[in-house]
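Trainee: Predicted coordinates and the sequence they were generated for:
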Amino acid sequence: QVQLAESGGGLVQAGDSLRLSCVGSGGAFSSNVMAWFRQAPGKEREFVGSISQNYGFTFYANSVKGRFTISRDNANNTVYLYLTDLRPEDTAVYYCAAGSTGTANPRQYDSWGQGTQVTVSS
């Protein structure tokens, strides 16, 4: 299994942008579908979006479509999540995950990072 480590979170104001990164190691990064999830306090883990292995096909949750963008750099074992027009309701711990499908079901993913906190103030 690939090991994952996220970075790039922080405290921002509403309307700001952030770029989160997730670096993979110890496994075949490029053979995995990569996804981003988020979890706010007291809420279940929520699917944000996913990106296919090689051709960069992406799939997003309706709540972030048009504001968030996922990309990947297989040469550097990295997947990115670009967050724009951030809102207070985007506040959560953001996790990257690796799996074999781009499903929104977190149980379908085999590897997870430790998460990075994104806090959006109004």
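Mentor: Great, that's in hand.
Trainee: Need the residue closest to the centroid of this structure.
Mentor: For the chain, the residue nearest the mean C-alpha position is Trp36 (2.4 Å; Cα atoms, centre = their mean).
Trainee: where's that one, which helix or strand?
Mentor: strand 33-39 (DSSP states H and E).
Trainee: which other helices and strands contact that strand?
Mentor: If you count contacts as 3 or more Cβ pairs under 8 Å, 6 or more residues apart in numbering; DSSP states H and E, strand 33-39 packs onto strand 18-25, strand 46-51, strand 68-73, strand 78-83, strand 92-99. Backbone N, C-alpha and C define where each C-beta goes, glycine included.
Trainee: what mean pLDDT would you report for the second one?
Mentor: For strand 46-51, mean pLDDT is 97.
Trainee: do the same with the fourth one
Mentor: Regarding strand 78-83, the rounded mean pLDDT is 98.
Trainee: swap in the first one?
Mentor: Regarding strand 18-25, the rounded mean pLDDT is 97.
Trainee: what's in contact with that strand?
Mentor: Residues from elsewhere that reach strand 18-25 (Cβ atoms under 8 Å, 6 or more residues apart in numbering): 2-10, 12, 32, 34, 36, 76-83, 86, 94, 96, 98, 113, 116, 118.
Trainee: what lines up beside it in the sheet?
Mentor: Sheet pairing for strand 18-25, assigned by DSSP bridges, gives strand 3-7 (antiparallel), strand 78-83 (antiparallel).
Trainee: The third one now?
Mentor: Partner strands for strand 68-73, per DSSP bridges, with pairing direction: strand 78-83 (antiparallel).
Trainee: can you pull the buried residues of the partner strand?
Mentor: Buried positions in strand 78-83, judged by neighbour count with 16 or more other Cβ atoms under 10 Å: 78-81, 83.
Trainee: Stretch 93-102 now?
Mentor: Within stretch 93-102, the residues that count as buried by 16+ other Cβ under 10 Å are 93-99, 102.
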